[in-house]
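> Model the structure of this input:
(2 chains)
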Amino acid sequence: MNKKLEIKDLTVTFDGKATLHNVSLEVLQNEILTVIGPANSGKSTLLLSINRMIDRIPNVDIKGNILFDGKDVKDFRDVEGLRRRIGMVYAMPIPLPMTIKENILFGPRLKKYVGRKEADELVETSLKSAFLWDEVKDRLDSSALRLSGGQQQRLCIARTLAVKPEVIMFDEPCSGLDPISTAKVEEAMKVLKKDHTLILVTNNTKQAARVGDRTAFLLMGELIELGPTDKIFTAPAQKKTEEYVTGKFG
Amino acid sequence: MRIAPSITQCIAKFCLFTATASAVGALLFIIGFVLAGGFSHISWGFLTEPILDMGREGGILPAIVGTILMVFVAIGIAAPLGIASAIYLAEYTLEGRVTQVIRFGINCLAGVPSIIFGLFGFILFVVILGFGWSILSGGLSLAAMILPTIIRTSEEALRSVPQPYRDVAASLGATRWQVVTKSVLPYALPGILTGVILGIGRSIEETAVVIFTAGSAIQMPRSVFDSARTMAVHFYILAREGISNENAYATAAVLICTILVINITAYSLMHRLMRGKS
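Okay, here's the model as predicted:
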């Protein structure tokens, strides 16, 4: 399979303190790569480095390369374009205080004028892909803040989908959700991987086991192990991985 | 000995209530006093006639026009400048030594007595730049006076917008300017508007700056290069020189009503803007 992202010797330091240390890994086209690890192991930093959201944080030093379709993300002059191609869904659902429809169209409208017909289509397809359409199709013009937490998170996924990204990164997307909402989000992810490449950072090892094709285990900024999800959870090569996935620490 | 929590709670509630009640009471008393003294002397003629016999007779139309023009100049300059500076400070710079120094300077400026701005305006605009005693000089000096307030309140309003709103917009491919205009400004608007309204209020009520820089001509101003008096200055002169107590009170009443109307319009405007966003 194609390498969609190739990370080589990535070291990220905040204020002189390394949060990622010599991490090298690849993300393959149309896979779900889950990244697990305890708090402060550099999982979110990894995501922020990939779509260069990390540029917005002061006093950060980045070494190493991140190749996206073979091109280093550093060399993208159009960083906004890069972020449209590598979308991101955050841990907390953050609907913008506007209507459901406006939330979906927020991204596309940043780039160009969206006509009424195109807008309707975009709203419908995005919401359908996020498994939210049936629940909100009758109230697209009501405030997004009135949705439940799980619906809000799926709205955020739909909003990310609306800018048609190739890669979608999820940063602990279900940490605040109930099991039913979580199941819906996971279901959406499994369908999305047909046309997208997914990176899922999660604190929940069971979730990683459920949806991941391959799993990477990060600990204190270092990549301990990366392999097929079954193998990581049944026969990990490293002792630390085994301890973590079996719940001995973390 | 330890006082029971239920008693401290009672005492605290009582103290807080008394403080609020006396503050509001004093305010209401002052406003009521002025309005009661002034309303009986307000008539259509008072609002539409020129100032006659130094203010003993006639109305206050030139002062109303002078006030409006001067506030217009002041806000027209201070609001865009102040909001732009606030956006720059809050959204475009990383927090560091330089921004701290700038912010400290702004806070100091906000505390400078207005008469200093009057003197500054007199020297710079009236004398050096040769605008003379005029609405322009007055408006520019008022702008300098209210600029720190507008910058400070706007910056606070911008900073109170949750960071995730910015992150979401940026992650969807918004440029920094789009993040500001689409995702931050709409939610900071009420706070910014509050700052601007404060600025308007301070400009309307200001006397020291205006006397120094715009003079106190009683003729109807024909352009921003004419000298003019504002209602506050008119009131000050009438009361201070014992010209006419009735007209002084009436002017004060009009002044208070003007500020009220501005506040109500601004807030209802804001309400309309914010509707459907929460």
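> And the strands in the chain?
I'll assume chain A. A:3-14, A:17-28, A:32-36, A:60-68, A:71-72, A:86-89, A:167-171, A:197-202, A:214-219, A:222-228 (DSSP state E).
> nope, chain B please
Taking DSSP E as the test, the strands found in chain B are B:51-52, B:57-58.
> How far does the last one sit from its chain's centre?
To tie it back to what came earlier, the one meant is strand B:57-58. 29 Å (Cα atoms, centre = their mean, to the nearest Å).
> circling back: okay if I get the strands of chain A as TSV plus distance to residue B:40?
Quick note: C-beta positions are derived from backbone N, CA and C, even for glycine. Output for these, formatted as TSV (distance: least, Cβ to Cβ, whole Å):
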stretch	distance to residue B:40
strand A:3-14	69
strand A:17-28	72
strand A:32-36	77
strand A:60-68	68
strand A:71-72	79
strand A:86-89	66
strand A:167-171	67
strand A:197-202	72
strand A:214-219	79
strand A:222-228	83
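> Out of those, which is closest to residue B:267?
Closest to residue B:267 of these, according to Cβ to Cβ: strand A:86-89, at 37.0 Å.
> Return the set of buried residues in that closest one.
By 16 or more other Cβ atoms under 10 Å in any protein chain shown, the buried positions in strand A:86-89 come out as A:86, A:87, A:88, A:89.
> ok, which residues in chain A are in contact with chain B?
Within chain A, the positions adjacent to chain B are A:51, A:53, A:56, A:58, A:80-81, A:83-84, A:87-88, A:90, A:92, A:94, A:96-99, A:106-107, A:110-111, A:143, A:145, A:156, A:159-160, A:163 by Cβ under 8 Å from any Cβ of the partner chain.
> got TSV for the strands of chain A, with mean pLDDT too?
What follows is the strands of chain A, written out as TSV (pLDDT from 0 to 100):
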stretch	mean pLDDT
strand A:3-14	93
strand A:17-28	92
strand A:32-36	94
strand A:60-68	93
strand A:71-72	92
strand A:86-89	94
strand A:167-171	94
strand A:197-202	94
strand A:214-219	94
strand A:222-228	93
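> Contacts only, for residue B:154.
Shown in contact with residue B:154 (Cβ atoms under 8 Å, 6 or more residues apart in numbering or on different chains): B:82, B:83, B:85, B:86, B:87, B:90, B:188, B:191, B:192, B:195.
> Pick out whichever of those residues sits closest to residue B:30.
Among these, residue B:195 lies closest to residue B:30 (Cβ to Cβ), at 24.0 Å.
> Tell me the spacing between that closest one and chain A.
The gap separating residue B:195 from chain A is 21 Å, by Cβ to the nearest Cβ, to the nearest Å.
> That residue and residue B:149 touch, don't they?
Yes. Residue B:195 lies in contact with residue B:149 (Cβ atoms under 8 Å); the separation is 6.2 Å.
> now the stretch 101-250 of chain B, which segments are flagged as low pLDDT?
Within the stretch 101-250 of chain B, no stretch has pLDDT under 70.
> got the residues of it near chain A?
Those residues of the stretch 101-250 of chain B that sit near chain A, judged by Cβ under 8 Å from any Cβ, are B:164-175, B:178, B:182-183, B:187.
> So between residue B:195 and residue B:149, which is more surrounded?
residue B:195 (24 against 20; other Cβ atoms under 10 Å in any protein chain shown).
> burial count for the residue lying closest to that one once chain neighbours are set aside?
Excluding the flanking residues, the one nearest residue B:195 by Cβ to Cβ, 6 or more residues apart in numbering or on different chains is residue B:153, at 2.9 Å. Residue B:153 has 23 neighbours, counted by other Cβ under 10 Å.
> One more: the one 3 residues further on?
Other residues within reach of residue B:156 by the criterion other Cβ under 10 Å amount to 16.
> Tell me who's in contact with the residue nearest to it when sequence neighbours are not counted.
Nearest non-adjacent residue to residue B:156, counting by Cβ to Cβ, 6+ apart: residue B:191, 6.5 Å away. Applying Cβ under 8 Å, 6+ apart, we find residue B:191 in contact with B:153, B:154, B:156, B:157, B:158, B:160.
> The first one and residue B:203: what is the separation?
According to Cβ to Cβ, to the nearest Å, residue B:153 stands 15 Å off from residue B:203.
> Kindly report the same for the second one.
Separation of residue B:154 from residue B:203 (Cβ to Cβ): 16 Å.
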